[in-house]
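Asks: Fold the stuff below for me.
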Amino acid sequence: MFGGRHRVGVVRRTQSVTGTARLMLKTENGRRRSPVDAIVRLLFGCDMKAEPLRLIDGGYEPCEPKNATHLRLHLPGPLPNRILPVMIGGRREGTPNWTWNGSVDSPTVRPSVLTRGGDIDGEHVCHSWINDGRVQFLGDCTHELAGQTVDLLDVD
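Replies: Numbers count the residues shown, from 1 in each chain. Sure thing, here's the model as predicted:
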């Protein structure tokens, strides 16, 4: 079990478009997990605050942080799920990417994250900084967490 909730259902070897072999684990709820994700969850008994993803053939798959093209975060509030294009290191000028420190348990991304969206309660604006696994909701947020700093939720 990983993080007390996930059981490995299937271990399978897949091959990418480039011919590179990958080992993927499938949990009982059908989610694919990378071996790195499985090891982190097994060793530390916790879920991650950020899930590194790689965009392949129009879909995302879990990967090691160094291979990530995207990062999945789960924030408290009315617009919880974010998938951001990321890069580790380098200069982001001229790219649509956020920089990411490479940490799955204490992620920091730059610049701030501004999201607009709606649900049955109406339209929402969520503007935040992600620092060391915590979310600082800025004053222009239109929800009850504006002005507060709270922990990121686990991605699962």
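Asks: drop to CA atoms for contacts and neighbour counts, all remaining ones
Replies: OK.
Asks: Any idea which residue is closest to the centre of this protein?
Replies: In the chain, the residue lying closest to the centroid (CA atoms, centre = their mean) is Arg72, at 2.0 Å.
Asks: measure that one to Lys66 for me?
Replies: Distance from Arg72 to Lys66, counting by CA to CA, to the nearest Å: 15 Å.
Asks: Just give me the neighbour total for Gly59.
Replies: A count of nearby residues for Gly59, using other CA atoms under 10 Å, gives 8.
Asks: and it, what does it touch?
Replies: Residues in contact with Gly59 (CA atoms under 8 Å, 6 or more residues apart in numbering): none are found.
Asks: Report the separation between it and Thr69.
Replies: 11 Å.
Asks: sec struct for Gly89, please.
Replies: coil (DSSP: H, G, I helix; E, B strand; the rest coil).
Asks: Quick check, pLDDT for it.
Replies: Gly89 carries a pLDDT value of 76.
Asks: try the one 5 residues further on
Replies: We note a pLDDT of 78 for Gly94 in this prediction.
Asks: burial measure for it, as a count.
Replies: Using other CA under 10 Å: Gly94 sits among 6 other residues.
Asks: Next, it: secondary structure please.
Replies: Taking three-state DSSP, the label given to Gly94 is coil.
Asks: can you check Lys66 too?
Replies: Lys66 - assigned by three-state DSSP - is helix.
Asks: Run through the residues that contact the closest residue in space to Asn81 that isn't next to it in sequence.
Replies: Counting by CA to CA, 6 or more residues apart in numbering, His74 is the residue found nearest to Asn81 once chain neighbours are left out, at 4.8 Å. Contacts here follow CA under 8 Å, 6+ apart; on that basis His74 touches 49-50, 80-82, 152-155.
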